[in-house]
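**Student:** pasted the sequence and its predicted model underneath.
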Amino acid sequence: MPSRHAPKAKQVGLADNEDQPQNRQQSLSPKDEQFQQTQQLMGRISDKLERVQPKHQKVAESIRAIRSQGVRLLGPGSKMSQNVKAKMVALYQTAQKQCESEHSYLEQVLADIQRVRQLHLRQRMADKLSRGSLMVLLAQHAAGLPLYIGSIDGHPPPLVGAIPQNPGDCISEGDFVAAFVEEIWILAEVKKQISASKYEVKDVDDDDDDGEKLQVVPPTRLIPLPHFRADPRRHAHALFPVGAIVLALYPQTTCFYKGIVESSPTGPNDDYMIAFEDNTFPSGYSPTLPVPQLYVLTHCEVTPQHRKRKKSPLLSDLTDEASSD
């Protein structure tokens, strides 16, 4: 199970008395630091939300101006003179700037909301959770994955839906990954980058009572989870197609297994339907199971190291275990 020790959060505005800032910072526990950060973010979100309506009002006014001027300048029998054209172009440019300003501002609000979600997740993961509570938390985390909203003609960046991280990019501390440990892909959290070729990760299902049990894993055996969901209606190319071979989290477990996409999401909140590779079934695959976008990754073949490792459980055993839970 997850350790009680939460990752250290960044200190923000803790010292009102400049004579003793260091002592006051050290007096706060990691949990208190995260609580303070959450409160500060909530206050900032509240302030920003009050400014959303005035910005939206400016957008509405600019659109009304285009419509009213269009009716007057481009009515029946009107000719598109250079003067009329210049006026309409100016109105459209103003409306575009207002829309871009509102879009950028809303992105800032959504980013702050996502930071609050991440802090809450870390606080919960720091508690000693039962297996059932952990499964619920992981499902909530998947449901709360933000939807990518980009420009109309833009292409989604890496870590949106099925788009993998660029080779050579670093993985940030606190990010969740699939980590190949003891011949099995597990769901883990990156705790620290030791070097360009080594990361320290923690199994999210670690139940060691003696403290955090960290594993040192090379980046070639880490697959970052997506940071955004892809919208099938706008960015279908950022989703795995039917028939794709993937690595997916088996429901009610913290292990990833090879599977095939039987159906892709048709809406932003839909799951993939995955048939997992399992030789205990006559077809060689399990019945299809729903898996959220967050837990469906590009399949990666790994050459096992030549030393004794923990044997991977069969999917049929996991099915029985999930049923008993």
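**Tutor:** Yep, that arrived. Residues are numbered from 1 along each chain as shown.

**Student:** chain center to stretch 151-170, what's the gap?
**Tutor:** Its chain's C-alpha centre and that of stretch 151-170 lie 12 Å apart, by CA atoms, centre = their mean, to the nearest Å.

**Student:** where do the strands of this protein begin and end?
**Tutor:** Using DSSP state E, the strands assigned to the chain run over residues 176-181, 184-195, 198-203, 214-217, 222-224, 245-249, 255-263, 272-276, 289-291, 296-298.

**Student:** with only the CA atoms kept, save the longest one in PDB.
**Tutor:** Right, strand 184-195. Taking Å, rounded to 0.1, in the frame of the first residue of the first chain, the C-alpha atoms of strand 184-195 are listed here in PDB:
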ATOM      1  CA  ILE A 184       6.000  -7.000 -15.000                       C
ATOM      2  CA  TRP A 185       4.700  -3.600 -15.800                       C
ATOM      3  CA  ILE A 186       3.400  -1.900 -12.700                       C
ATOM      4  CA  LEU A 187       1.700   1.500 -12.000                       C
ATOM      5  CA  ALA A 188       4.300   3.600 -10.200                       C
ATOM      6  CA  GLU A 189       5.100   7.200  -9.200                       C
ATOM      7  CA  VAL A 190       8.300   8.900 -10.100                       C
ATOM      8  CA  LYS A 191      10.000  10.100  -6.900                       C
ATOM      9  CA  LYS A 192      13.300  11.400  -8.300                       C
ATOM     10  CA  GLN A 193      15.500  11.500 -11.300                       C
ATOM     11  CA  ILE A 194      18.900  10.200 -10.200                       C
ATOM     12  CA  SER A 195      20.700  10.700 -13.600                       C
END
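
**Student:** and the angle from it to strand 255-263?
**Tutor:** If you take axes from the mean of the first three to the mean of the last three CA atoms, to 10 degrees, strand 184-195 sits at 110 degrees to strand 255-263.

**Student:** hang on, the earlier thing: mean pLDDT and distance to Ala238 for the strands of the chain - can I get that in TSV?
**Tutor:** C-beta: built from backbone N, CA, C; applies to glycine. Formatted as TSV, the strands of the chain follow (pLDDT from 0 to 100; distance: least, CB to CB, whole Å):
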stretch	mean pLDDT	distance to Ala238
strand 176-181	96	19
strand 184-195	95	22
strand 198-203	95	26
strand 214-217	93	27
strand 222-224	97	15
strand 245-249	98	14
strand 255-263	97	14
strand 272-276	98	13
strand 289-291	98	16
strand 296-298	97	12
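
**Student:** want to throw those strands into a markdown table with mean neighbour count and distance to Arg131?
**Tutor:** A markdown table is the format used below for the strands of the chain (neighbours: other CB atoms under 10 Å; distance: least, CB to CB, whole Å):
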| stretch | mean neighbour count | distance to Arg131 |
| --- | --- | --- |
| strand 176-181 | 22 | 18 |
| strand 184-195 | 18 | 13 |
| strand 198-203 | 20 | 13 |
| strand 214-217 | 16 | 20 |
| strand 222-224 | 20 | 24 |
| strand 245-249 | 21 | 15 |
| strand 255-263 | 20 | 13 |
| strand 272-276 | 23 | 20 |
| strand 289-291 | 18 | 18 |
| strand 296-298 | 21 | 22 |
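
**Student:** would you list those in a markdown table and tack on distance to Lys128?
**Tutor:** Below are the strands of the chain laid out as a markdown table (distance: least, CB to CB, whole Å):
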| stretch | distance to Lys128 |
| --- | --- |
| strand 176-181 | 19 |
| strand 184-195 | 16 |
| strand 198-203 | 14 |
| strand 214-217 | 17 |
| strand 222-224 | 26 |
| strand 245-249 | 22 |
| strand 255-263 | 21 |
| strand 272-276 | 30 |
| strand 289-291 | 27 |
| strand 296-298 | 28 |
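
**Student:** now do the contacts for Asp178.
**Tutor:** Slight slip there: residue 178 is Ala, not Asp. Under the criterion of CB atoms under 8 Å, 6 or more residues apart in numbering, the contact list for Ala178 reads Trp185, Ile186, Leu187, Ala188, Leu222, Ile223, Leu225, Leu247, Phe256, Leu297.

**Student:** isn't the third one up against Lys202?
**Tutor:** No - if you go by CB atoms under 8 Å, Leu187 and Lys202 don't touch, sitting 10.2 Å apart.

**Student:** what about stretch 277-285, start to end distance?
**Tutor:** Start-to-end span of stretch 277-285 (CA to CA, to the nearest Å) is 4 Å.
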